[in-house]
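1. predicted coordinates and the sequence they were generated for:
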Amino acid sequence: MRIISIVVALLLGVGVAVAREPLYVVNGRVVASIEDIPHEDIERIDVLPANEDTIAEWGSEASEGVIIVTLRYDTAATFVAEGYDNFTDYLAHTVRWSDMHPAERVSLRVKVDVEGRATVTEVLDATSRQFLRCVERAIAKAPLWSPAMRDGEAVESLHLVNLKLPINKALAIEPAVILR
């Protein structure tokens, strides 16, 4: 009898356990998720309800609605130089910050222009001015990116850079006072 109860519970629960999601469309292409898209890359988001018109246009996959994301570009900007396919890795190996220095961190917003030059547009966080200046100098001397493209034209794009050096050292814990 116990086995029958378990089987019935499983059969009844199957329809409930399957979570339905809307159909995600990014720049005209259906994708599995939009979680990894940086907010600064999004130009517009349109939400279509799960109604007859939406299902007629997008098919039965749109039975939970459609989220259409339009990015600022068709092709993202890319950085490939001297064996590095990631700008942060390039900076980690280019910035002169010895293991004798204390661990430092910066978080920056970087703009890549239509020529592929990267420039700092905003300092979000920096644990020291000296480290920030070292990182800014490395960015100014960095090789060009391949800029983002939209409709065959190069466009500006924004990127976040988070860098901590030396990599193998922990940041110093700052004393804090908690008020209750």
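-> All right, it came through fine.
2. wait, residue 108 touches residue 123, no?
-> Yes: between residue 108 and residue 123 there is a contact under C-beta atoms under 8 Å: 5.9 Å. (C-beta placed from N, C-alpha, C; glycine too.)
3. those two: who's more crowded?
-> Taking other C-beta atoms under 10 Å, residue 108 and residue 123 do not tie; residue 108 has more neighbours (22 against 14).
4. tell me if the more buried one really is in a helix.
-> No: secondary structure of residue 108 (DSSP: H, G, I helix; E, B strand; the rest coil): strand, not part of a helix.
5. could you find the closest non-adjacent residue to it?
-> residue 161 (4.6 Å; C-beta to C-beta, 6 or more residues apart in numbering).
6. burial count for that neighbour?
-> 17.
7. over to the one 3 residues further on?
-> Residue neighbour count, defined by other C-beta under 10 Å, stands at 18 for residue 164.
8. so what's it closest to, chain neighbours aside?
-> That would be residue 105: by C-beta to C-beta, 6+ apart, it lies 4.4 Å from residue 164.
9. likewise residue 33?
-> residue 24 (6.5 Å).
10. and what of residue 20?
-> Closest residue to residue 20 apart from its sequence neighbours, by C-beta to C-beta, 6+ apart: residue 64 at 4.6 Å.
11. in stretch 151-169, what's buried?
-> The neighbour-count check on stretch 151-169 (16 or more other C-beta atoms under 10 Å) flags 154, 155, 157, 158, 159, 161, 163, 164, 165 as buried.
12. coming back round to it: I figured the residue nearest to residue 33 hits residue 69, correct?
-> Yes: counting by C-beta under 8 Å, residue 69 is a contact partner of residue 24 at 7.1 Å.
13. which neighbours do the two have in common?
-> Common contacts of residue 24 and residue 69, defined by C-beta atoms under 8 Å, 6 or more residues apart in numbering, comprise residue 34.
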